[in-house]
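> sequence-free structure coming up:
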């Protein structure tokens, strides 16, 4: 690995990466490949380094993590994180680790998310183009924003349908299960009768107090005796004695009046305190069996939590409230089975209606989509550009009940075949570009788009990339100046001599960009010779 460290801030539109052959442009493609789930290799690690690491911060579209297959990442997403941060680490022995937001994930989970946001040429492109879900996404993108809204609505409706099916199955699994459920609801309501929100906490506090009743009684009795004993002065008596000593002298020394008042008040408060302590002592002696009652109350709560599988007291009360509500509804004539069936029928109708709307829009867009892709194929030099998009019915799901299939005939006389099976390398990248130019929208990375082309075809490919960059982020690793000259951002990869030699990647300012385009055209001497 020639790159020691590099940080690229790719912008919207077309981003071009150029450089001399062998400078290290392919390393960038390998880095993106790691994010897409490619296997790691110890050869990715440079001399003297212990590991290789690649990380990308990606915009996270609304609802992406709600899609099927991304449940693991949805659970890991931090509450305050709006972007998706994916990373791979390659160790010296060839092992790799995958991360999302800095937390370890399976390589397959990382790839599932990255593939929805990054489209890359080569082996990943072949896999993507052969995936019916991607083809359906492209067709729907061509249909426009209204179709995107229908897709979002259909996804929500599908989740609601799945929930309605679960509830229906729980309620009407069989008659005995329904009877058992009713019995459990009644048992739960009975087991929690009279329990309040603070009952358990109050009982625990009272139990703790009653377990120390002997210490409490001894302390109260000792304190009361010290303050106001029956057969001695105590603290209250001593305060009274002190007050009687100064009272006759208050008229002679008015400054003693405050001391007298405070002593009289102290005596009163000490006697009141002694009275309160004796009342507390009497209350302890009046409930000799209270500890057993408290223990029984706590055992009742513990048994109820265990019996009804509630880890906490709050959940027990919440379940009990739901049970009472359901029992009251049943007594009022509510039939859970009928209600669940009605809810399921409504959810099925809604999902079916949205699936029908999706299909109608796809059917209407099919021919215009085919014609648009065919025109793009001809523009990038792909023969006659014969292209077909077929729509087939499949089992319903979050995206409706349709499956799309893209077919191409690269040469007259040959049968139509799936796009992923008809070309390879640069040709496949141009097919992907033509399709994306009509219905793409994610980040697209092209490493082989200029393989085997030049002249007017190169110009056409460049114009198509530029047009695609108007609504998607496009990254192209290219050696063609016709393409690089159209980029909104231009990065150059170059080797830096040293021990060891390493590679540097820089964003080019306008003057440096002109020099780089001149180099790609053959250099000054060559350009002078053809003038």
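In hand now; what should we look at? Please read these numbers as outputs of a predicted model, since none were measured by experiment. Residues are numbered from 1 along each chain as shown.
> only C-alpha atoms from now on, for both contacts and neighbour counts.
Fine.
> by contact count, what packs against the longest helix anywhere in the chain?
Secondary structure of the chain read by DSSP state H shows that its longest helix is helix 336-379. Helices and strands touching helix 336-379, by 3 or more Cα pairs under 8 Å, 6 or more residues apart in numbering; DSSP states H and E, are helix 132-143, helix 145-172, strand 386-397, strand 400-409, helix 425-439, helix 455-468.
> repeat that with 6 Å
helix 145-172, strand 386-397, helix 425-439 (3 or more Cα pairs under 6 Å, 6 or more residues apart in numbering; DSSP states H and E).
> for the ones you listed, give me JSON lines that also has mean pLDDT and mean neighbour count.
Conversion of the helices and strands packed on helix 336-379 to JSON lines gives the following (pLDDT from 0 to 100; neighbours: other Cα atoms under 10 Å):
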{"stretch": "helix 145-172", "mean pLDDT": "89", "mean neighbour count": "18"}
{"stretch": "strand 386-397", "mean pLDDT": "91", "mean neighbour count": "15"}
{"stretch": "helix 425-439", "mean pLDDT": "80", "mean neighbour count": "24"}
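> quick one: residue 275 from residue 227, how far?
Here residue 275 is placed at a distance of 9 Å from residue 227 (Cα to Cα, to the nearest Å).
> circling back to that earlier point, now do the longest helix of the chain and strand 400-409, the angle between them.
20 degrees (axes from the mean of the first three to the mean of the last three Cα atoms, to 10 degrees).
> between helix 336-379 and helix 132-143, how big is the angle?
80 degrees.
> what about the stretch 401-531 of the chain, any weak spots by pLDDT?
423-426, 448, 499, 523-531 (pLDDT under 70).
> change it to 90
Within the stretch 401-531 of the chain, the stretches with pLDDT under 90 are 408-462, 464-465, 467-472, 477-480, 482, 493-506, 515-516, 518-531.
> could I get the full set of strands for the chain?
14-19, 51-59, 83-91, 96-100, 103-105, 118-120, 386-397, 400-409, 417-418, 443-446, 474-477, 489-496, 502-507 (DSSP state E).
> can you report how many residues neighbour residue 254?
If you count neighbours by other Cα atoms under 10 Å, residue 254 ends up with 10.
> what separation do you get for it and residue 246?
11 Å.
> any regions of the stretch 151-300 of the chain where pLDDT drops low?
Residues of the stretch 151-300 of the chain that meet the cut-off, pLDDT under 90, sit at 152, 155, 159, 163, 166-300.
> do a quick rundown of the helices in it.
175-191, 199-211, 213-227, 234-246, 256-286, 290-307 (DSSP state H, counting those that start in this stretch).
> now these as a markdown table including distance to residue 74?
Putting the helices of the stretch 151-300 of the chain into a markdown table (distance: least, Cα to Cα, whole Å) gives the following:
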| stretch | distance to residue 74 |
| --- | --- |
| helix 175-191 | 33 |
| helix 199-211 | 36 |
| helix 213-227 | 53 |
| helix 234-246 | 69 |
| helix 256-286 | 56 |
| helix 290-307 | 31 |
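> now residue 490, nearest residue through space, not along the chain?
residue 16 (4.9 Å; Cα to Cα, 6 or more residues apart in numbering).
> ditto for residue 86
residue 100 (4.7 Å).
> beta partners of the one you found?
Taking DSSP bridges as the rule, residue 100 bridges to residue 86, residue 103.
> ok, back up a step: between the helices and strands packed on helix 336-379, which one is closest to residue 404.
strand 386-397 (4.7 Å; Cα to Cα).
> related to what we said a few turns ago, run the chain-centre distance for the longest helix of the chain.
Centroid separation between helix 336-379 and its chain, computed with Cα atoms, centre = their mean, to the nearest Å, is 27 Å.
> repeat that for stretch 301-312.
That offset, for stretch 301-312, works out to 32 Å (Cα atoms, centre = their mean).
> check stretch 436-444 too.
Worked out by Cα atoms, centre = their mean, stretch 436-444 lies 24 Å from the chain centre.
> can you get me the start-to-end distance on that stretch?
End to end - Cα to Cα - stretch 436-444 spans 9 Å.
> mind checking how far the closest residue to residue 147 other than its chain neighbours is from residue 153?
Leaving aside its chain neighbours, residue 147 sits nearest to residue 140 (6.1 Å; criterion: Cα to Cα, 6+ apart). In this view, residue 140 and residue 153 are 14 Å apart by Cα to Cα.
> that older thread, compare residue 275 and residue 227 and say which is more crowded by neighbours.
Using other Cα under 10 Å as the criterion, residue 275 and residue 227 rank with residue 227 on top: 24 against 15.
> dump the residue contacts of the residue nearest to residue 490.
475, 476, 484, 487, 490 (Cα atoms under 6 Å, 6 or more residues apart in numbering).
> against residue 483, how distant is the last one?
Computed with Cα to Cα, the distance linking residue 490 and residue 483 is 11 Å.
> if I look at the residue of the chain most remote from its centre, how far off is residue 462?
Relative to the mean C-alpha coordinate of the chain, counting by Cα atoms, centre = their mean, the farthest residue is residue 252 (84.9 Å). Look at residue 252 and residue 462: by Cα to Cα, they are 113 Å apart.
> repeat that for residue 86.
Applying Cα to Cα to residue 86 and residue 462 gives a distance of 30 Å.
> next one: residue 161
The gap separating residue 161 from residue 462 is 46 Å, by Cα to Cα.
> swap in residue 227?
100 Å.
> what of residue 406?
Counting by Cα to Cα - residue 406 and residue 462 are separated by 24 Å.
> equivalent analysis for residue 145, please.
27 Å.
> same check on residue 241?
Distance from residue 241 to residue 462, by Cα to Cα: 109 Å.
> same check, this time on residue 303
With Cα to Cα as the criterion, residue 303 and residue 462 are 73 Å apart.
> same question for residue 500.
36 Å.
> which one of the two has more residues nearby?
Taking neighbours as other Cα under 10 Å, residue 500 and residue 462 compare with residue 462 leading, 25 against 10.
> can you tell me the centre-most residue of the protein?
Centre-nearest of the chain using Cα atoms, centre = their mean is residue 74, 2.8 Å out.
> mind checking pLDDT for it?
Residue 74 carries a pLDDT value of 85.
> next one: residue 366
pLDDT at residue 366 comes out at 94.
> what number of residues lie near it?
Neighbours of residue 366 (other Cα under 10 Å): 19.
> what distance separates the start and the end of stretch 101-111?
Termini of stretch 101-111 sit 14 Å apart (Cα to Cα).
> so what touches it?
Contacts for stretch 101-111 (Cα under 6 Å, 6+ apart): 36, 37, 85, 98, 99.
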